[in-house]
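Enquirer: Compute the structure for the input listed below.
(2 chains)
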Amino acid sequence: MTDKPRLTALRLHKALYPIWKNDPGWKGVFTTVNNNTIGNMFILGATGMFLAGGILAMLIRAQLASPRSAFMGPEVYNQIFTMHGTIMMFLFAIPFFEALTVFLLPGMLGTRDLAFPRLSSYGFWCYMIGSTIMIVSLLAGVAPDGGWFMYPPLSSSAYSAGINTDIWLLGISFIEISAIGAAVEVVVTVLRYRAVGMSLDRLPIFAWYMLVVAVMILTAFPPMILGSLILELERAFDMPFFQAENGGDSLLWQHLFWLFGHPEVYIIFLPAAGVISMILPVMARTTLLGYGWVVAAAISLAVLSFGLWVHHMFTTGIPHMGLAFFSAVSTLVAVPTGVQIFAWIGTLWKGRPELHLPMLWILGFFVTFVMGGLTGVMVAMVPFDWQAHDTYFVVAHLHYVLIGGYVFPMIAGIYYWLPVLTGRKRFFRMGETAFWLVMVGFHGTFLLLHWAGLLGMRRRIDAVEEGSGWEFINLLASISGFVLAIGFGLVILDVAVNAFVAVRGRRNPWNAGTLEWATPIPGPAYNFASIPVVTSRYPLQDNPDLPVQIARGDGFLGEPFRKRRETLAVSVSHGEPEFITVMPRNTVVPFAMAVVTSIMFMAPVFKWYWLMFVSALGVTALALLWAWSGGSRRDEGLLDAGRGVSLPTHAEVSCPPGWWGSLFLLLANSVLFGSLLFGYAFLWTVAPNWPPLRILQADILEPVAAASGAVLASAGIRLADHAIRREGTSWVGLLVSLTGLAMLGAASITVFGGTTYNAHAYDATLWVIAGYVIFHAALAGLMTLFLLFRIRAGYVSARRCGDARVVRLWTDYATLAALLGLGAAWLPGWLS
Amino acid sequence: MTDILRISLPLTVWIATFSVVYGLEGVVCSDLWTAAGLSLGQGRAALVASWIVAIALQAMVLIGLRIPRYGSSLPWVQRVSTILACVALVATVWSLMPVVTTSLCL
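Expert: Below you'll find the predicted structure:
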């Protein structure tokens, strides 16, 4: 490097740093929207949850180490195993890969931050507050105790009085906001925020995996959120969704839960596979073999995983043909999994592997995950599953898949990206010892527990029976379990010591080819001094000088003369520059909104519904404040983006980032609504005591009002949109749209009049459908009013029409949901 | 975005048809089917017909993605979407094969 570029890079850093830096001191913790800071805090939080879940695991093993153990009673034991599963699945596994993604993804993609920085902050605080509530409930002795999948009728109020189950249902739903938010963020970031020239075939493989996982989160989580909400409605208001005597069916919960629960396994595995696909080629000093095949395998695995949920329900009496469908898909998923495994083996084969610590953990993954995968194929066979269901064989299988398939690769990832995370190179060498302790401890625990399961040991029992033949196995498993815990403890200690004490490292110590190694380590708040231009999947291998070129501002937006947080959005397929996004500054609004949202979710636990409504108003007010603070009151036209290219800002394009975020949020929303309609059809088809005695009969007036409302809402917002683009009068269209939305709401309210919410599952379902339609009509109405005020305040013009596009999207969705929902509610009445 | 749709389409069609056939099997085995005056034999026929339609749909998607007019301009996207269309076709044949090999409503 010559002196000139170095001086230029320093000057650029001095110009960018004040723009992107966090607020100083403790204030900065609550106001930061920076992906590096939030990613770090997220990783720390998720690691804390891993420790908490691990401690509970040790309590379980202590209890089961000897027959008839009096270490804890069944009431406490139920809370311990429920919270162990809940913490590990919801508070550790998903948040940990989200944390890593928040931290790493902008670096890998060559952009300055994630698409919605305030959403990162909001998601993080929702997670932290929700997790804290769950842990406090455990310490207070009121933790959930119905198992991590909360099957009714056990979790219904008849058998689980008290607030334990409510805390799970509302707490987990609250925490899932974090997952949904992160998923929207990841999808939009991967599709639109990348280095210039990074076409779809040049995406870092981790980005492909995370894109797939994010779409899975958007489509898998809504069924469980719906299930949680209707189970809570049943517990709070006796709406009988799961009570057979009133037309409900507890199997509905199992369908909704496993519609989420099985894809969840792949939601956890695929990020780990992404980590492996990033690390393995670097360790083997080559490139990934079969990039396109690996992408296709990840997508196949993701979608096929949605056709597996019933394989958790093989013993529920579903007809043989139904079982055979799901058994067939269960065997099919082994194929894309195998494609990935062989691509990794092929990568090792064509390269020259080096056995560094990340590689050691990946080898541990190979051994363990393949064993877990094979027992997975065993339980996919219906006759075998009938024997092994709800035994320790399944417990052992799932730990092989989740620890072997997720935790080991994540540890490999932490060691691999430690220089990016901390700026230091590993000096202390406890990691190797920890690896062997974990391997011995893990297999000593869970290999043996397969055996206990085959001998008939049921999961979730609080005491090993004397003379059962399971005593010695459990003793050995418990001893091994403590070895495993020591191993994991040593990993955390090793990472912590190396993070805080080890010597400073150099950039890109592994000679990797992807862009996260092109920034100084640890990365500055702005990540890239200028947005790079790439021509291959491994830009650092093609151009070793790229880090210097980026640092001295040779890329796009290399001159921050507008003194605001700017990054570049590119076209989806080819990665061509399209517009400049102005990112938000530090703000406390996301934190405040997370606090108020937590009150909104937790108030119903104590039946404080007035507080729930007050906090819902608070959330609405903060959301409006959030949305109001974006945009611009003047047209800026085309701006210099560097390298001789001029681009508009995000406020002056027809589909701004908010439109894209809304699109994917609505995808999740539509899956939730689709799950509700599925539940309605399921109950009508399968549940006992159907059809109900009284069916809703709609007069001609209600359908006419709904149809007219739909036409007015949809036409009105289009009229307004066109008027805005032509600088005409938009308020007429907005008023028409508001009238239409009000008519849709009014038509939905009539459903309440014709039904009694707690009489039958049919009535209860119609109340939820009508409530959903009213909520969305009200939301679209609120957004329309918001748009009206934005127009008056000068935030909207013919060029700055993005707000109108966003409102149009939500209005169209509300209209469609109303037509479908009300049609489903009235159809049986018309047919009868 | 159309390239993302090309990549997403084949297996989305698979999950949709899989859900429809599973749902139909539920309807055939419910009281609604017999109440409508239909027999189990007709139920089997409906399931087989829906399986054939699902296979035909997947074949159309595969052919469509190979036609230059509908295919991607990026060769890599074209290749990956073709692989996924083949996967979806095989998945449709395999996962819904129980409509002809397994007992109904037992």
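Enquirer: could you dump the lowest-mean-pLDDT helix or strand in chain B to CSV, C-alpha only?
Expert: Least confident element among the helices and strands of chain B, by mean pLDDT, DSSP states H and E: helix B:31-35 (a mean of 90). Included here for helix B:31-35 are C-alpha records, laid out as CSV according to Å, rounded to 0.1, in the frame of the first residue of the first chain:
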residue,chain,number,x,y,z
ASP,B,31,-68.7,-37.9,7.1
LEU,B,32,-69.1,-35.1,4.6
TRP,B,33,-68.1,-37.4,1.7
THR,B,34,-70.7,-40.1,2.5
ALA,B,35,-73.3,-37.5,3.4
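Enquirer: Chain A: strands as residue ranges?
Expert: The residue ranges that make up the strands of chain A, judged by DSSP state E, are A:566-570, A:577-582, A:639-642, A:645-647.
Enquirer: Any chance of those strands in CSV with distance to residue A:243 and mean neighbour count as columns?
Expert: (C-beta placed from N, C-alpha, C; glycine too.) Putting these into CSV (distance: least, C-beta to C-beta, whole Å; neighbours: other C-beta atoms under 10 Å in any protein chain shown) gives the following:
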stretch, distance to residue A:243, mean neighbour count
strand A:566-570, 50, 24
strand A:577-582, 50, 22
strand A:639-642, 61, 18
strand A:645-647, 58, 16
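Enquirer: Adding distance to residue A:345 and mean pLDDT, write those strands out as JSON lines.
Expert: Below are the strands of chain A laid out as JSON lines (distance: least, C-beta to C-beta, whole Å; pLDDT from 0 to 100):
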{"stretch": "strand A:566-570", "distance to residue A:345": "34", "mean pLDDT": "97"}
{"stretch": "strand A:577-582", "distance to residue A:345": "39", "mean pLDDT": "97"}
{"stretch": "strand A:639-642", "distance to residue A:345": "43", "mean pLDDT": "95"}
{"stretch": "strand A:645-647", "distance to residue A:345": "43", "mean pLDDT": "97"}
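Enquirer: got CSV for those strands, with distance to residue A:770 too?
Expert: Compiled in CSV, the strands of chain A are given as follows (distance: least, C-beta to C-beta, whole Å):
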stretch, distance to residue A:770
strand A:566-570, 39
strand A:577-582, 39
strand A:639-642, 48
strand A:645-647, 46
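Enquirer: what's the closest of those strands to residue A:832?
Expert: When those are compared by C-beta to C-beta, strand A:566-570 sits nearest residue A:832, at 52.8 Å.
Enquirer: Just confirm yes or no for the closest one near chain B.
Expert: No: contact check for strand A:566-570 against chain B, using C-beta under 8 Å from any C-beta of the partner chain: none in range, with a minimum separation of 12.4 Å.
Enquirer: Excluding residues flanking it in the chain, which one is nearest the residue in the stretch 601-750 of chain A that chain B sits nearest to?
Expert: For the stretch 601-750 of chain A, the residue closest to chain B is residue A:685, as judged by C-beta to the nearest C-beta, at 4.6 Å. Excluding the flanking residues, the one nearest residue A:685 by C-beta to C-beta, 6 or more residues apart in numbering or on different chains is residue B:30, at 4.6 Å.
Enquirer: Around chain B, pick out the residues from the stretch 301-450 of chain A.
Expert: Applying C-beta under 8 Å from any C-beta, one finds that the stretch 301-450 of chain A approaches chain B through A:303-304, A:306-307, A:319-322, A:324-325, A:328-329, A:332, A:336.
Enquirer: If you rank these by neighbours, which is first?
Expert: residue A:303 (29 neighbours; other C-beta atoms under 10 Å in any protein chain shown).
Enquirer: That one - nearest residue in space that isn't next to it in sequence?
Expert: Counting by C-beta to C-beta, 6+ apart, residue B:11 is the residue found nearest to residue A:303 once chain neighbours are left out, at 3.7 Å.
Enquirer: residue contacts, the one you found?
Expert: Contacts for residue B:11 (C-beta atoms under 8 Å, 6 or more residues apart in numbering or on different chains) come out as A:299, A:300, A:303, A:304, B:84, B:87, B:88, B:91.
Enquirer: Outline the domain layout of chain A.
Expert: Listed domain ranges for chain A are A:1-219+A:506-587+A:629-674, A:691-831 (source: automatic domain parsing).
Enquirer: Could you export these as a markdown table, including distance to residue A:456?
Expert: Converted to a markdown table, the domains of chain A look like this (distance: least, C-beta to C-beta, whole Å):
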| stretch | distance to residue A:456 |
| --- | --- |
| domain A:1-219+A:506-587+A:629-674 | 15 |
| domain A:691-831 | 36 |
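Enquirer: if I look at the closest residue to residue A:734 other than its chain neighbours, how far off is residue A:654?
Expert: By the measure of C-beta to C-beta, 6+ apart, the closest residue to residue A:734 outside its immediate chain neighbours is residue A:720, 4.8 Å from it. Remark: distance between residue A:720 and residue A:654 (C-beta to C-beta, to the nearest Å) = 15 Å.
Enquirer: If you count surrounding residues, which of these two has more?
Expert: Neighbour totals were compared for residue A:720 and residue A:654, and residue A:720 leads with 29 against 12 (other C-beta under 10 Å).
Enquirer: Pull the contacting residues for the more buried one.
Expert: The neighbours of residue A:720, taking C-beta under 8 Å, 6+ apart as the test, are A:730, A:731, A:732, A:733, A:734, A:737, A:787, A:804.
Enquirer: can we see that at 6 Å?
Expert: A:730, A:733, A:734 (C-beta atoms under 6 Å, 6 or more residues apart in numbering or on different chains).
Enquirer: out of the contacts of residue B:11, who's nearest residue A:670?
Expert: The closest of the contacts of residue B:11 to residue A:670 turns out to be residue A:303 (C-beta to C-beta; 16.8 Å).
Enquirer: pLDDT value on that closest one, please?
Expert: In the predicted model, residue A:303 carries a pLDDT score of 96.
Enquirer: burial count for the residue of the stretch 601-750 of chain A closest to chain B?
Expert: Residue A:685 - counted by other C-beta under 10 Å - has 17 other residues nearby.
Enquirer: Could you list which residues are in contact with the closest residue in space to residue A:649 that isn't next to it in sequence?
Expert: In this structure, residue A:649 finds its nearest non-sequential neighbour in residue A:580, 5.1 Å apart by C-beta to C-beta, 6+ apart. By C-beta under 6 Å, 6+ apart, the residues touching residue A:580 are A:566, A:639, A:641, A:647, A:649.
Enquirer: Which strand residues bridge residue A:580?
Expert: Residue A:580 has the following beta-bridge partners by DSSP bridges: residue A:568, residue A:649.
Enquirer: host element of residue B:77?
Expert: Under DSSP states H and E, the secondary-structure element containing residue B:77 is helix B:75-95.
Enquirer: And chain A, is that helix touching that?
Expert: Yes: judged by C-beta under 6 Å from any C-beta of the partner chain, helix B:75-95 and chain A are in contact via B:76, B:79, B:80, B:83, B:84, B:87, B:91, B:94, B:95.
Enquirer: And the buried ones among these, selectable in PyMOL?
Expert: Selecting the buried subset of those in PyMOL, with 16 or more other C-beta atoms under 10 Å in any protein chain shown as the burial test, is done by:
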select buried, chain B and resi 76+80+83+84+87+91+95
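Enquirer: need the residues of chain A near chain B, please.
Expert: By C-beta under 6 Å from any C-beta, the part of chain A that sits against chain B consists of A:201, A:292, A:295-296, A:300, A:303, A:306-307, A:319-322, A:324-325, A:328-329, A:332, A:572-573, A:685.
Enquirer: Using CSV, list the CA coordinates for the helix or strand of chain A with the lowest mean pLDDT.
Expert: Least confident element among the helices and strands of chain A, by mean pLDDT, DSSP H and E: helix A:3-20 (a mean of 82). What follows is helix A:3-20 as a C-alpha-only set of coordinates in CSV (Å, rounded to 0.1, in the frame of the first residue of the first chain):
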residue,chain,number,x,y,z
ASP,A,3,1.1,6.4,1.6
LYS,A,4,-1.6,8.2,-0.5
PRO,A,5,-4.3,5.5,-0.2
ARG,A,6,-3.6,5.2,3.5
LEU,A,7,-4.1,8.9,4.1
THR,A,8,-7.2,8.9,1.9
ALA,A,9,-8.6,5.9,3.8
LEU,A,10,-8.0,7.7,7.2
ARG,A,11,-9.7,10.8,5.9
LEU,A,12,-12.6,8.8,4.8
HIS,A,13,-12.8,7.0,8.1
LYS,A,14,-12.8,10.3,9.9
ALA,A,15,-15.6,11.6,7.7
LEU,A,16,-17.8,8.4,8.1
TYR,A,17,-17.3,7.6,11.7
PRO,A,18,-19.2,10.6,13.2
ILE,A,19,-22.1,9.9,10.9
TRP,A,20,-22.4,6.2,11.8
